[in-house]
Each structure stands twice: as structure tokens, then as C-alpha cells.
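[1] Return a 3D structure for these sequence lines:
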Amino acid sequence: MTESHSESTELARLPSEGDREAAVKRLTTAFAEDAIAVDEFERRVAEVWKVTSTRALVALTRDLPAEGASTTAPSGLPARRTEARAVDVPRERSRHIASVLSSIERRVNGTLPERLNVRAVMASVELDLRDADFPPGVTEIRVRAVMGSVEIDLPPHVEVEDYGRSFMGSFAVRGPRKRATRDANAPVVRITGRSIVSSIEVESDDD
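    Here you go, the predicted model:
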């Protein structure tokens, strides 16, 4: 479709501060919902403050899903399905808990999925997993934080594998490390992810 003269003029103008902030917000939401990877998120946010036309700014978010199109419910849990489910439900594969420009405090009960994805983008997340059920084998908790903070409490009986990374921030994991010899059915929590100008703390509670 050919642009009209007025549309072309509008897209050629220098973006306002409000335009740039709106683009950053759209990018952070897309990152929190796993629509873009962390490296691509960092690249695009840096470009937001460099572009000199509205056309270039629009291009940075054009391929992102429409706002409100996420299949994740506002609580961070998978959207409820309407179809009938079998009584014997297998372990959930993954679950998302995301906070963008806000704060979340949550206590989780019941069986955890194979992977729990936790996101904090210019936000904070406090997650209490001390009463959650960790099935035998590995449960991965993948944490990503950008200019935010994440605190996760684990029960004392799980062993912990730490694969977290940090850039201009901190990623501290405190808990019983995986032993050289152990019961193959013992619950193991594998911590992965990245802290970018953020603070991430994961620890077991001995109380």
C-alpha cells in the first residue's frame, strides 16, 4: 500500500520522548511474554533511543504480537482451556510468571511444571515455593530480570544446580548443591537465566 503524503510526513518526523517510551514498553511486554529473546530485546531497546524518524521507531516493533494477544492469563498462569481434560493429567510442561513495570508477590502450592519461567522487566517478583511439590527428577526455574529484582524461596530438601548469569547485576543462588552421588529420584532444581542490571536471589529455607 502506498503511503499518503501526510502519512509519509508523519513517519519522517523525529520521535518524541513519549513515542520512544511507548516503544520500550511494547518491547518489554514482548520480552516478558517470550516473543523476543534477551539479546534481541537489548538491541532493540538501544535502537529506540538512537533512531531519528518515527518510521524507524515503528519498524522496531512492527513484527511483535499485537498487544493483548498473549495466550497467558493476566495472573501469569496458562489461559484456562474450555475442552474436557482427562482425569490423569500429566505433569505440566511449563508455566510463566511475568511482571512488567509492576510488583508480584506469590505463594505457589501444588505440583510445579517441568519448567517455571519467571520474568521481571523494570519490576519485582517475590516467589514463595516452600509449600510447592517438586516431583522426582529435575525442575528447571528459568529466571530473567531486566532492571528489576527477583526473590525465590525454595524448600530445604531440594538440591540446587546453578547455571545463572549476570551482567552489571547479581545472580545469587544459595541452597544444597547437587551431590556427586544421590538418589536418582531425588528432586533437583536447576536454576538458569540471566540478570541484566538486576538482582536475582534464590535460596532454600531451613525454617
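[2] what's the spacing between the strand or helix carrying Gly18 and its chain's center?
    Taking DSSP states H and E as the criterion, Gly18 maps to helix 17-32. Averaging C-alpha positions (CA atoms, centre = their mean, to the nearest Å) puts helix 17-32 16 Å from its chain's average.
[3] Check stretch 185-204 too.
    Distance of stretch 185-204 from its chain centroid, counting by CA atoms, centre = their mean, is 13 Å.
[4] now the helices: where do they sit in the chain?
    Along the chain, counting by DSSP state H, helices occupy 5-12, 17-32, 38-48, 54-59.
[5] which intervals of this protein have sub-threshold pLDDT?
    1-8, 10-11, 67-89, 175-184, 205-207 (pLDDT under 70).
[6] any idea how it splits into domains?
    Residue ranges for the domains of the chain, per automatic domain parsing: 5-59, 94-204.
[7] Quick check: buried residues in the helix holding Gly18?
    20, 23-32 (16 or more other CB atoms under 10 Å). C-betas here are computed from N, CA, C, even on glycine.
[8] Include distance to Arg62 when you put these into JSON lines, please.
    As requested, the buried residues of helix 17-32 are exported to JSON lines (distance: CB to CB, whole Å):
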{"residue": "Arg20", "distance to Arg62": "16"}
{"residue": "Ala23", "distance to Arg62": "11"}
{"residue": "Val24", "distance to Arg62": "15"}
{"residue": "Lys25", "distance to Arg62": "16"}
{"residue": "Arg26", "distance to Arg62": "10"}
{"residue": "Leu27", "distance to Arg62": "12"}
{"residue": "Thr28", "distance to Arg62": "17"}
{"residue": "Thr29", "distance to Arg62": "15"}
{"residue": "Ala30", "distance to Arg62": "12"}
{"residue": "Phe31", "distance to Arg62": "16"}
{"residue": "Ala32", "distance to Arg62": "19"}
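[9] picking up where we left off before, please identify the most buried of the domains of the chain.
    domain 94-204 (a mean of 17; mean count of other CB atoms under 10 Å).
[10] now for the helices of the chain, which one comes closest to Ile104?
    With CB to CB as the criterion, Ile104 lies closest to helix 17-32 of those, at 11.3 Å.
[11] between that closest one and helix 38-48, how big is the angle?
    Interaxial angle of helix 17-32 relative to helix 38-48 (axes from the mean of the first three to the mean of the last three CA atoms, to 10 degrees): 180 degrees.
[12] where do the strands sit along the chain?
    Counting by DSSP state E, the chain has strands at residues 94-100, 103-107, 110-111, 115-121, 124-128, 132-133, 137-146, 149-154, 159-167, 170-174, 187-196, 199-204.
[13] which residue is nearest the middle of this structure?
    Arg119 (2.3 Å; CA atoms, centre = their mean).
[14] right, and it touches Leu127 too?
    No - with contact defined as CB atoms under 8 Å, Arg119 does not count as touching Leu127 (11.5 Å).
[15] Can I get the domains of the chain in CSV including distance to Pro65?
    Shown next, in CSV, are the domains of the chain (distance: least, CB to CB, whole Å):
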stretch, distance to Pro65
domain 5-59, 5
domain 94-204, 14
